[in-house]
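Participant: Just the structure for this:
(2 chains, ligands or ions: 2)
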Amino acid sequence: MEISVVNLKKYYGEKQVLDIEELTIEKGKITGLIGPNGSGKSTLMNIISGIDLDFFGTIRYDGKPLDRSIYMNMTLVFQKPYLFRRRVYENIEYPLKVRGMDKGERIKKVENIIKRFEIEELREKKAHRLSGGESQKVSLARALIFEPKLLLLDEPTSNIDPESIKIMEREILRFNQETKGTVLIVTHNIEQSKRLCHNIIYLENGKVGYLE
Amino acid sequence: MDYILEGFREALKLLISFDKEVYDIITLSLFVSTTATIIASLICIPLGIHLGLKEFKGKRAFSRILYTSMSVPSVIVGLVVAIALSRRGPLGGLNLLYTPKAMIIAQTLLVTPLILGLTYSLSKNRGKEIEKVGTSLGAGRGDIIVLTIKELKLDLLVNVVTAFSRAISEVGAVMIVGGNIKNRTRVITTTISMMNSMGDYPMAIALGLVLLLMSFVINSLIYTYSGED
Ligand SMILES: Nc1ncnc2c1ncn2[C@@H]1O[C@H](COP(=O)(O)OP(=O)(O)OP(=O)(O)O)[C@@H](O)[C@H]1O
Ligand SMILES: [Mg+2]
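Facilitator: Ligands and ions are numbered 1, 2, ... in the order given. Sure, this is the predicted structure:
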């Protein structure tokens, strides 16, 4: 899904936190969003994901304005992951359930992704009792399970050990290559952005600069 | 002092011997308050969650009115229902005054603002995050309400029990619309109040003990259950 942002302005009270004249997120590519703390990265992710509707400007998704079918085809993995108070398995299954997929197919998909993420031992655990890093892994798996056309990732690997980072990066790349899904990922890790991203956007004080 | 001890002894006798009148009163109390709490919960929990999440004009004023109405005196609710159900009232034709149904209606109205207000406040404070995550995973409006109920089920349960406690321990509303008629509309609180004014303590003490015991059991159940999760 291609995203185009035009004349985006976002205020918290008097304070302006975003001021973007024009920005395009290329379809089918992995785009990195980097910038210092407080530069507005999470705010931008929330706005693109349709969760924060309180802004000025226009955002188009493949040329169209936000509607229910676009909501159904994109997802945001939050900087602070929030998992539901139920088992890990049921968390991952949730997006398939709200899409009305039948049980047999759901089981197949969930089992498959649990295996790929190597989190078999978390399967039956209560999700709200997981560690920070475990929660991030599960929340990425929960986002990938329904193969969105747009995947928004807000520092998905900030609490993760090196071994698990490899797994998560592998799954993000695989998702992008196999489904041609568009990815926008916030990261403070330049090495990671080199490993994953086709394009990089630099955000500072709510304004955009492009980097090669 | 003796008559107090005597009162307790007689009270225990009534309870242990499964005195029919005493147990009918307890059963009716439980039935009326449970039914009222369930009806109010079924309506107010989804509605309260919806209103708590939704942004609308005048939400602040709405909150203030709702929170104020949570502590409406039970005699007022009783009075309003009694007037509505009285023979010349708008619902007089239903012939419900002085029946358990009238008592259920009154108590439902009594706990409605309480459950609605508690749910609304919970949803306003804790529901937003759940709504965000749910929305980003493709949940629609109905899915979000179900999800929020499941996520907050323990807090919601505590609210429901709070409402039940209010219902079962109130006198004003059930007294006015029920009339405390022997073998028909007599509940724990109205009986205690009547027995007390007649100086007949054993039954009042027996019912008082039951009321205390019930609130103790309910509260420990919640305490244990919420500790588990
Ligand atoms: N709910 C809010 N109310 C008021 N100000 C906010 C709110 N959320 C964020 N801000 C402010 O908006 C600015 C941008 O915040 P944002 O979270 O988008 O930054 P970020 O680039 O994601 O930072 P980080 O790298 O630390 O995650 C910050 O100055 C922050 O203090
Ligand atoms: Mg951030």
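Participant: Lowest mean pLDDT among the helices and strands of chain B, which one is it?
Facilitator: helix B:201-228 (a mean of 84; mean pLDDT, DSSP states H and E).
Participant: Going along the chain, name the helices of chain A.
Facilitator: A:41-48, A:68-71, A:88-98, A:103-116, A:132-144, A:162-179, A:190-196 (DSSP state H).
Participant: Give me the below-cutoff pLDDT ranges for the chain.
Facilitator: In the absence of a named chain, chain A is used. The model of chain A has pLDDT under 70 over residues A:210-212.
Participant: try chain B instead
Facilitator: If you take pLDDT under 70 as the line, chain B has these spans: B:226-229.
Participant: Neighbours of the residue in it that ligand 1 sits nearest to, how many?
Facilitator: Nearest to ligand 1, among the residues of chain B, is residue B:128, at 10.8 Å (C-beta to the nearest ligand atom). For the C-beta atoms, the positions are set from N, CA and C on the backbone; glycine is no exception. Residue B:128 has 14 neighbours, counted by other C-beta atoms under 10 Å in any protein chain shown.
Participant: Can you tell me how far it is from chain A?
Facilitator: 10 Å (C-beta to the nearest C-beta, to the nearest Å).
Participant: Out of the helices of chain A, which gets nearest to residue A:1?
Facilitator: Of all the helices of chain A, helix A:68-71 sits nearest to residue A:1, with 7.7 Å by C-beta to C-beta.
Participant: Can the closest one be said to contact chain B?
Facilitator: Yes. Applying C-beta under 8 Å from any C-beta of the partner chain, one finds helix A:68-71 touching chain B at A:68, A:71.
Participant: mind listing what's buried in that helix?
Facilitator: Neighbour counts over helix A:68-71 (16 or more other C-beta atoms under 10 Å in any protein chain shown) mark A:70-71 as buried.
Participant: Dump the helices of chain A to JSON lines, plus distance to residue B:37.
Facilitator: Converted to JSON lines, the helices of chain A look like this (distance: least, C-beta to C-beta, whole Å):
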{"stretch": "helix A:41-48", "distance to residue B:37": "39"}
{"stretch": "helix A:68-71", "distance to residue B:37": "36"}
{"stretch": "helix A:88-98", "distance to residue B:37": "29"}
{"stretch": "helix A:103-116", "distance to residue B:37": "35"}
{"stretch": "helix A:132-144", "distance to residue B:37": "36"}
{"stretch": "helix A:162-179", "distance to residue B:37": "47"}
{"stretch": "helix A:190-196", "distance to residue B:37": "53"}
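Participant: The ones you listed: which one's closest to ligand 2?
Facilitator: Proximity to ligand 2, assessed across these by C-beta to the ion, is greatest for helix A:41-48 (3.1 Å).
Participant: So which residues make contact with that closest one?
Facilitator: The set of residues external to helix A:41-48 that reach it, using C-beta atoms under 8 Å, 6 or more residues apart in numbering or on different chains, is A:3, A:5, A:8, A:10, A:17-18, A:20, A:25, A:33-35, A:52-53, A:55, A:59, A:76, A:79, A:152, A:154, A:184, A:186, A:203, A:206.
Participant: Mind checking which of the residues you listed are buried?
Facilitator: A:3, A:5, A:8, A:10, A:17-18, A:20, A:25, A:33-35, A:55, A:59, A:76, A:79, A:152, A:154, A:184, A:186, A:203, A:206.
Participant: circling back: how about the contacts made by the residue of chain B closest to ligand 1?
Facilitator: Listed by C-beta under 8 Å, 6+ apart, the contact partners of residue B:128 are residue B:53.
Participant: If you compare the directions of the helix or strand that contains it and helix A:132-144, what angle comes out?
Facilitator: According to DSSP states H and E, residue B:128 maps onto helix B:128-136. Between helix B:128-136 and helix A:132-144, the angle comes out at 40 degrees (axes from the mean of the first three to the mean of the last three C-alpha atoms, to 10 degrees).
Participant: after helix B:128-136 comes which helix or strand?
Facilitator: Following helix B:128-136 toward the C-terminus (DSSP H and E): helix B:141-151.
Participant: packing partners for that next one?
Facilitator: helix B:20-53, helix B:128-136 (3 or more C-beta pairs under 8 Å, 6 or more residues apart in numbering or on different chains; DSSP states H and E).
Participant: List, one by one, the residues from chain B near chain A.
Facilitator: Going by C-beta under 8 Å from any C-beta, the residues of chain B near chain A are B:129-130, B:132-133, B:135-140, B:143, B:147, B:150-151, B:229.
Participant: if we can go back for a sec, quick one: which of the helices of chain A is nearest ligand 1?
Facilitator: helix A:41-48 (3.2 Å).
Participant: can you tell me which residues contact residue B:5?
Facilitator: Contacts of residue B:5 by C-beta under 8 Å, 6+ apart: none found.
Participant: any idea how far it lies from chain A?
Facilitator: As judged by C-beta to the nearest C-beta, residue B:5 and chain A stand 50 Å apart.
Participant: rewinding a little: now do the least confident helix or strand of chain B and helix B:20-53, the angle between them.
Facilitator: 40 degrees.
Participant: re earlier: for the residues of chain B next to chain A, which ChimeraX command selects only the ones that are buried?
Facilitator: Applying 16+ other C-beta under 10 Å to those, the buried members can be selected in ChimeraX as follows:
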select /B:130,132,133,135,136,137,138,139,143,147,151
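Participant: Tell me the one of the residues of chain B next to chain A nearest residue B:6?
Facilitator: Of the residues of chain B next to chain A, the one sitting nearest to residue B:6 (C-beta to C-beta) turns out to be residue B:229, at 46.1 Å.
Participant: who in chain A is up against ligand 2?
Facilitator: Applying C-beta under 5 Å from the ion, we find that chain A lies next to ligand 2 at A:41-42, A:79.
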